[in-house]
Structures are given as structure tokens and as C-alpha cells.
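Trainee: the sequence isn't on hand, but the structure is:
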């Protein structure tokens, strides 16, 4: 499972193709081919020799950095000693297996937006409020593009949504219909499609009334009016498409007769899409109107148009493909598709290419992939098919990942993927060149209705699905999303740091173990420590060789994993009674404590000599640590029992912090020790009881210190206090380590040299303590002192270099790197953050926190201004009163903030 740094962007793509997820089609041919190339290029000598190893791989993959290959070779040799050729090939191949999930396009689940509609949404549009940035790079962070969203239902309910979908303005188009003739009923409107023409700031709405109505809409269609109307005499418009590159524009639509209409113009900034001189106002309509037949008869080189009979059935979808200067048209039966390719200068010169389906409904949707230069179609059988637009009309490849009709296809050229959406809302993400399904997602909690429309905001990488409700799924890329996406979707249990590989390993309550690169803040591998859906505390650690990862899942299963490739190793342990509260690895044995159980389970890593220990002072065991040949166990009552690992004898005890000197245990208080057989394991399970942990009790051993009379080698914490103990003398120092009443220490760790103690508390604060000479032999302990019976105990805390308020919830885990320059903090909400020792965060794409003092932070309130774009977002006389109310509220808020700010300054 060793990380391959930036090699994964190039080397793994060639060596190990992206694995398919649910229902994928594997591309094993490419994998075998590249694996054979590596095997033929390597020999046993250049595998062990770093220079030969690097030069060989550089010849195969020159785009990979040399230093990355050196680091890769170092990790292989650390994991395998002297690796064989087969081990190298397996390492490169296996290391790619855990990377696919973090290269997924969508990291967060769908958010369901309740619309209140009873009829299906025909179209959902994304209208940008500002111009898109010129550098549209999906690999780097980019600012979030402000957008307005517009939806329309089949019943004619037009809704303008704010960017966050919290606010909406409804415009019932069915109320704008002409009044019916006397003694006749009013027809119900049926909307078929809607488009937005960005250059003209127009909304185009088609219906079964044989009309295309063009509404003028500025930034948001809050106050809009009918600009013009185009009447289609012979058929009803069923589908439309619009494309523009800022210079040329193409508007096309299909009708129920199977006819295709195409309108094009150049210099869109100067010319309308239609010839305005052909539109007339009449007594029947209050706005300029023209018939399609009139436009077709006109001979105007600035406004070209054409009508082409394509099918003898309804056109279900049309799409203009600028790379081919062609229009792809699908029929309603999904059995026919036609590609009309036009000449570069004249619209009326074109060739027609028919794609046969051989009786299969293969053409319910169509998309063109630019990089691979192929047409992709989705069928009603859930199969995605690939076609060449230039060669024979034969299907090149069939891809199956969905069970129902594929209603929509959408292409993302920046990521090199294509999305297929089926009628049951299942979304599959396909890598373009390898044609492998890399991700499958679907919204949960949405109405069980067919998918009627989709919108893919490419710049913000947000996907929207709709029926009568809307499902919104943000993808990777933008800074706001980076801040909102947690490291884990469930709370984090614990975090550990691997010093050799500079990797951080975290585990969530669902048993999801994630390996992160501390340098790049990217996840590089993921494995599932539990094989069921159980959730709870998952404990984990590295073995003494740092090559294996050992986990204890909530169901008590102990598993061992290779840190080299993430594979589970065939090492069997007995199943424990409950989830683990702590465990350590010492002398090839695992010492594990479980929740609400007084027994300590000693598991033999190399054999089957499993043991069980018990002591009367331990009603339960909530924390474990080791120091030299001593094992320290602590109960929730504050009792601490210290064992000798070799002799299995109890050598020292501390009773609930009552006696500051502890005591040496005699032979009669040695407790219980026995082999862990089926019978003893049964009694161990039956001894499980429910205990109430009133306080958070932790133990920490300072392993670099030698035991002496005035040297603290054991740290304990309870009720916000930290106690330092000498195992030869007793309690040395007890100091308060929190600032708020009722706060407790929830997590702590030290740097490798144990010069700095890092604590995280229940209020979300992280503190650094300088303990290099604290409670150490030869360095006098400072006062003041507290008298406890016959003994005096110092209450003077060590020097505190820094502290940060990094969370608003308890800190679950905190660790640092080998140089004590980066600190990794895990919070309750699944956030994993790394920040520097100066307090400036460099998070794994998460939110940033300000550095604060330990004392009460300064309050700085600045007067805020009302939104500058209020008038722009809400325009029109009909909303004047609402605007005035909003402005008054903003003014009141502004005055209150200014008053508060002045009072504070005084």
C-alpha cells in the first residue's frame, strides 16, 4: 500500500488501468500488455540497483520525475528487503488498486432539493451570472462560478432559483396564455423543451402549441417579457439544441414529423439568430411573430436555415457537434440515428449518414468525445455503444453498466470522462480512452420517478438530476467544494503517522481506512477494515516492523493488512467480545482491551499462544501504552495497573489518583492470567458489563526517557488535568491543561523526540507543551506546590509555545510529523486537517482556521454592507416592494453592527 507520490498520475495509468466499480467492463488487455513490457525491461540486477531501476522506468515513462522513482524504489526495498522481479511488478500493479476512489469525479453524495412540483421538470438550465474564467483547469483550485438556475415543468411552471437553491421565484407561463374563445374550454399547456441563448440573453420555450416563444431575460429571468415568437406550422417541436463559440451560432430543433430545422448565423454579437425583418406584429399576437416557412423561403446569407426530413417518426434528441460540423439526430423509437454533416461554407450542402441498430434500441441519447473522436450512444437496454463517425456504421464497442434506458450522456473533456445517466437515476462515470466505469452514484431519498432532465455545470463540476424534484451532486475542483468535502463522510476514530513514508493513516467509524500523502495532502489508498455495514470504533496501528497494519473492527475481528499493497494477510486471531478501546504491539504480541470488559487480551502474532490477563483494580480498560518492558493499563475509574511484559507480573499500581505515590504490588495481588481458550474466551465475553465513563482517561508513556526517581515516564489525564508520574517515586506534577470549565483532554501525542506534547481537548483546542526538560532528572521542578497528605505535588505547567482553536467539536486525534512542523488534527465531523507549527493551515482541501491565543480571543466586528447585486438579482416593478423591504432590513443590520462596533472600541 506504499504511496507512489506523483507517479500515480502517469505510471499507474499505464501499468494498472483504472479499476471499474459496480458493473464495470474491465480492460485487462492493456494491463497485461504493460505488465509484460515491465517484465521484459527488468532483470533481477536492475531491480535491486536504484540507478538501474530508475533509468529503466524512465525509458518506459519519461514523463515521470526521477526523484519520484527513487522514492518508489526506496519504499519497495523497505517493504520487501531485496525484492525480486515478480515483487516489483506486483508492487506497481497492486499500488494502483487503492487510488481509483480518490480520482473519482464526485466526492460527495447527492443533495435532494424539494421543489413542490407535481409535474415533471422538462428542463433545468444553468445560467452563468459572470463570464467564465479563461483558464478552465480542473486539476487546480479555481473560484466558484456564480450561476442562476432556471427550471420549467411540463405544466408551464417556470422557476428561477438562486445559486444555493434556497430562494425561488415562480412564473406560471400557463397564466400568460391567450384567453379562450367564448363557450370553449382553456387548453392545458404542455412544455416540451427550453433553451438559454447566452449571447442574446433569451429563453426559448417550446410547447405543443406549435410555437417557439423567445423570452428576453437578463441576468436572471425574474422580470422577463416575450421578445418574439416562431410558429411551426406542420409539426410540434419536441427537442431543441443551441451552440455558439462567441462568433458563430447554430440553433436546431426537431418535431413530431421527424423533420430537422437548422438556423445558423455568424457574428452573433452583431446579428440575431433569425432575420428580424421577417417578424411582424399582427392582431393575433402582441409580439413580433414569424412562420418557419417564411424564414425558409428567405434568401439571406447572414441568416441561413434549412429543413431536412430525417425520420418518419418523432425526433427525440438533436445535438450539434462543432468538431464535425454535424448534427446527430435520434428517433423516438431509439432504433435510428442520423448524422448530418454540413459543408464549411454553405448550410444546404450536407451528407447524411445513417447508423443502423440491427433491431436493437441503441439510440436513446448521443454524445461526441473529442479526444477519442468517436460517437457514444445510450440505448434503452442500458448499453452504451461507441461508433466511428468517419468509418463504416458499425458499433466499435459495447459497454454495460446500467440496467435501464440511458436517457442522457454528457462529456467532460477536461477530465476525459463521459457520464451516462439512466432512467432510474443511476449515474456511471466512464474514463474515455480506456472505457472503464470508474464510479457509480445515484441519489437517495428522491421520488421514485424517471429521470426527466439533467444539467452538468462543467466549470463548477456540479451534476443535477431532476424528475419532479432536483438532486444536486457537487464534484471536485472548486475551492468552496474543497472546503465542504470532509476527509471521511463519517466521524474519524483515530489517526496515525508513518514516519518512513510521510503518510497519514486515518480510519472512520465505518471502518474505512484512508492513507494520505502529507506532502501533497492527497489520499493515495483506501481499504475497508470491516466487511459488513456495522459502524463503531475501529482501532488500528502499525506492527513493530512498520510494514503491516493491524485493525480491530467494531465486531471484535482482528485483521492484518500489508501496508505495501493493502491486501489482507492470512493471519487468524480469535474474535474479541467487543470493539477495542486500545491496543499496542510489543514483542510480537498484541495487547488488546475491549469496551466494557475488564480483561486484557494478549494475542500471539506468530503463533497461537494467546493469553488473557485480569486484575481486580481494572473494572474496565480504557487506555493502554508501553514503556520499555512495562505495559500500562488504565480503567475509567482512574486506576492504573503496570505489568511486566516478559514475566506477566504486576509490578506497580496507582489507585484513582488518590495516593500520589502509588504502590508496588505483592504476590497476592498479581491478578489472573491464563491461556485464551474457547472456555476462557466464553467467560471473557460473559464478563462484559456496561460501565459509565464519567471522564476521559488517557495514558501516555515517554519511551525515550529512562526510569529514575525524579523523571516522569508516565502521563495520565483526567478531568482536564495532566499528571506526570515516576514509576520509582510517584506523582511529580499535576497541572490544568484546559481553559474552559468542564473541558477534558480527548487526544494527545508527542513528537518522535518527545520534546513536545500535543493535546486536543473537548472544546476543539490544540495545545503544544514544551516537555523537553519537564519533570526530568537534573531539572528542578518549579512551584507552586499542592499538598496531598504527606506529599507536595507541583501544579506548575510546562511552557506552552502555541495553541490553536482548530475545531468547534472535540478533537478525536492529533499527531505530528517527524520534524514537529506539521500537525494533523481529526475532528468529529470527518475533517482531517494539517497545519504548520505557526498556526497557518495547509489542510487536505478543507476549511482554514485562524490562529488564536489561549485566553479569550479578541472580538472584531466590522460593519457589513448590503449585497451589491441586490438590484441585479431582483429587478422589475413587480418586486419593488420586496426590494425596499430588503434594503430596509440591510440598513437596520448595518446600523446595529456599527453601533456594536463603536461600543466595543470604547
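Mentor: All right, it came through fine. A quick note: this is a predicted structure, and the numbers were derived from the prediction, not measured.

Trainee: tell me the secondary structure at residue 781.
Mentor: Secondary structure for residue 781, judged by DSSP: H, G, I helix; E, B strand; the rest coil, is coil.

Trainee: who's in contact with the nearest residue to it once chain neighbours are set aside?
Mentor: Closest residue in space to residue 781, ignoring its immediate chain neighbours: residue 794 at 4.7 Å, by C-beta to C-beta, 6 or more residues apart in numbering. All C-beta spots, glycine's among them, are computed from the backbone N, C-alpha and C. Taking C-beta atoms under 8 Å, 6 or more residues apart in numbering, we find residue 794 in contact with 732-735, 781-786.

Trainee: try it again at 10 Å.
Mentor: Residue 794 sits next to 724, 731-735, 775, 780-786 when contact means C-beta atoms under 10 Å, 6 or more residues apart in numbering.

Trainee: I'd like the residues you listed laid out as JSON lines, including distance to residue 620, secondary structure and neighbour count.
Mentor: Formatted as JSON lines, those follow (distance: C-beta to C-beta, whole Å; DSSP: H, G, I helix; E, B strand; the rest coil; neighbours: other C-beta atoms under 10 Å):
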{"residue": "724", "distance to residue 620": "24", "secondary structure": "strand", "neighbour count": "25"}
{"residue": "731", "distance to residue 620": "23", "secondary structure": "strand", "neighbour count": "23"}
{"residue": "732", "distance to residue 620": "27", "secondary structure": "strand", "neighbour count": "21"}
{"residue": "733", "distance to residue 620": "27", "secondary structure": "strand", "neighbour count": "22"}
{"residue": "734", "distance to residue 620": "23", "secondary structure": "strand", "neighbour count": "21"}
{"residue": "735", "distance to residue 620": "27", "secondary structure": "strand", "neighbour count": "18"}
{"residue": "775", "distance to residue 620": "28", "secondary structure": "coil", "neighbour count": "21"}
{"residue": "780", "distance to residue 620": "38", "secondary structure": "coil", "neighbour count": "9"}
{"residue": "781", "distance to residue 620": "33", "secondary structure": "coil", "neighbour count": "17"}
{"residue": "782", "distance to residue 620": "36", "secondary structure": "coil", "neighbour count": "13"}
{"residue": "783", "distance to residue 620": "36", "secondary structure": "coil", "neighbour count": "10"}
{"residue": "784", "distance to residue 620": "35", "secondary structure": "coil", "neighbour count": "8"}
{"residue": "785", "distance to residue 620": "33", "secondary structure": "strand", "neighbour count": "14"}
{"residue": "786", "distance to residue 620": "29", "secondary structure": "strand", "neighbour count": "15"}
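
Trainee: between these, which sits nearest residue 115?
Mentor: Residue 115 has its nearest neighbour among those in residue 735, at 57.5 Å by C-beta to C-beta.

Trainee: if we can go back for a sec, in TSV: the contacts of residue 794, plus pLDDT and distance to residue 500.
Mentor: Below are the contacts of residue 794 laid out as TSV (pLDDT from 0 to 100; distance: C-beta to C-beta, whole Å):
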residue	pLDDT	distance to residue 500
724	93	30
731	89	37
732	91	34
733	93	34
734	92	36
735	93	34
775	92	30
780	88	38
781	89	36
782	89	38
783	86	43
784	90	44
785	89	43
786	86	43
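
Trainee: one step back: what backbone torsions are found at the residue nearest to residue 781?
Mentor: phi -70, psi 140 (degrees, to the nearest 10).

Trainee: do residue 569 as well
Mentor: phi -90, psi 150.

Trainee: relative to residue 539, how far out is the residue nearest to it when sequence neighbours are not counted?
Mentor: Distances taken as C-beta to C-beta, 6+ apart place residue 560 nearest to residue 569, at 4.5 Å, with adjacent residues excluded. Separation of residue 560 from residue 539 (C-beta to C-beta, to the nearest Å) stands at 13 Å.

Trainee: what does residue 314 give?
Mentor: Going from residue 314 to residue 539 by C-beta to C-beta gives 61 Å.

Trainee: higher neighbour count, these two?
Mentor: The residue with more neighbours, out of residue 314 and residue 539, is residue 539; 22 against 18, by other C-beta atoms under 10 Å.

Trainee: find the nearest non-adjacent residue to residue 158, please.
Mentor: residue 171 (4.4 Å).

Trainee: tell me which element the one you found is part of?
Mentor: With secondary structure defined by DSSP states H and E, residue 171 is part of strand 168-172.

Trainee: strand partners (parallel or antiparallel) of that strand?
Mentor: Using DSSP bridges, the strands paired with strand 168-172 are strand 157-161 (antiparallel).

Trainee: distance from the partner strand to the middle of the chain?
Mentor: How far strand 157-161 lies from its chain's middle: 30 Å, per C-alpha atoms, centre = their mean, to the nearest Å.

Trainee: right, and residue 507 touches residue 535 too?
Mentor: No: here residue 507 does not reach residue 535: they are 11.8 Å apart, not a contact under C-beta atoms under 10 Å.

Trainee: name the residue in these two with the higher neighbour count.
Mentor: It is residue 507, of residue 507 and residue 535, that has more neighbours when counted by other C-beta under 10 Å, with 27 against 14.

Trainee: that one in helix, strand or coil?
Mentor: Classified using three-state DSSP, residue 507 is strand.

Trainee: switch to numbering from 853
Mentor: Shifting the count to begin at 853 puts that one at residue 1359.

Trainee: residues in contact with it?
Mentor: Residues counted as contacts of residue 1359 (C-beta under 10 Å, 6+ apart) are 1340, 1344-1348, 1365-1366, 1379, 1381-1382, 1389-1392, 1401, 1403, 1405, 1665, 1678.

Trainee: mind checking which of these are in strands?
Mentor: If you go by DSSP state E, the contacts of residue 1359 have 1344-1348, 1365-1366, 1379, 1391-1392, 1401, 1403, 1665, 1678 in strands.

Trainee: now tabulate these in TSV and tack on pLDDT and distance to residue 1480.
Mentor: Shown next, in TSV, are the ones in strands among the contacts of residue 1359 (pLDDT from 0 to 100; distance: C-beta to C-beta, whole Å):
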residue	pLDDT	distance to residue 1480
1344	85	31
1345	87	28
1346	89	24
1347	91	26
1348	92	21
1365	87	30
1366	85	33
1379	81	33
1391	91	23
1392	91	24
1401	91	25
1403	92	26
1665	91	25
1678	87	29
